[in-house]
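*Asks:* Return atomic coordinates for the entry below.
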Amino acid sequence: QAQLVESGGGLVQSGGSLRLSCAASGRAFNNYAMGWFRQAPGKGRQFVAGLSWSGALTYEADSVKGRFTVSRDNAKNMVYLQMNSLSPEDTAVYYCNAVSASGTTNWGQGTQVTVSS
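*Replies:* This next block holds a predicted model:
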């Protein structure tokens, strides 16, 4: 199983940027598809962005397209979420997610992102 630890959250003004990082431990990290989800207060967990095991395929939710970029560095067992042009609607707890080839899913503990207007 992969253990995931997110970092990089914080408080930022509207229009600002943050980069979230997800450090993964465990075997065969480069066999996992990775993703970012978020959960705002009173709402369910929503998909934000994801990428294939190689990083060649990436996917972003419509709400973040053109503003957020997901990437990974398999040599460092890291996944990143670059977030630009942040708005208060992006305020949420952001979670890193890993899915193995067999379908096993792992989650990090989350990192809070707060965007002030």
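*Asks:* show me the contacts for the residue most central in space within the chain.
*Replies:* Closest to where the C-alpha atoms of the chain average out (C-alpha atoms, centre = their mean) is Trp36, at 2.8 Å. Listed by C-beta atoms under 8 Å, 6 or more residues apart in numbering, the contact set of Trp36 reads Leu20, Cys22, Val48, Ala49, Gly50, Val70, Val79, Leu81, Tyr94, Tyr95, Cys96, Asn97. In short, each C-beta sits where N, CA and C put it, glycine included.
*Asks:* so what's the third one closest to, chain neighbours aside?
*Replies:* Translated: Val48. Nearest non-adjacent residue to Val48, counting by C-beta to C-beta, 6 or more residues apart in numbering: Trp36, 4.4 Å away.
*Asks:* returning to that earlier point: pipe the contacts of Trp36 into TSV and attach secondary structure per row.
*Replies:* Formatted as TSV, the contacts of Trp36 follow (DSSP: H, G, I helix; E, B strand; the rest coil):
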residue	secondary structure
Leu20	strand
Cys22	strand
Val48	strand
Ala49	strand
Gly50	strand
Val70	strand
Val79	strand
Leu81	strand
Tyr94	strand
Tyr95	strand
Cys96	strand
Asn97	strand
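*Asks:* Quick check: buried residues in stretch 55-62?
*Replies:* Buried residues in stretch 55-62, defined by neighbour count with 16 or more other C-beta atoms under 10 Å: Glu60.
*Asks:* end-to-end on it?
*Replies:* Taking C-alpha to C-alpha, to the nearest Å, stretch 55-62 runs 19 Å from one end to the other.
*Asks:* Okay, now the unreliable bits of the chain?
*Replies:* For the chain, not a single residue meets the criterion pLDDT under 70.
*Asks:* Now do the strands in it.
*Replies:* 3-7, 10-13, 18-25, 33-39, 45-51, 58-60, 68-73, 78-83, 92-99, 105-107, 111-116 (DSSP state E).
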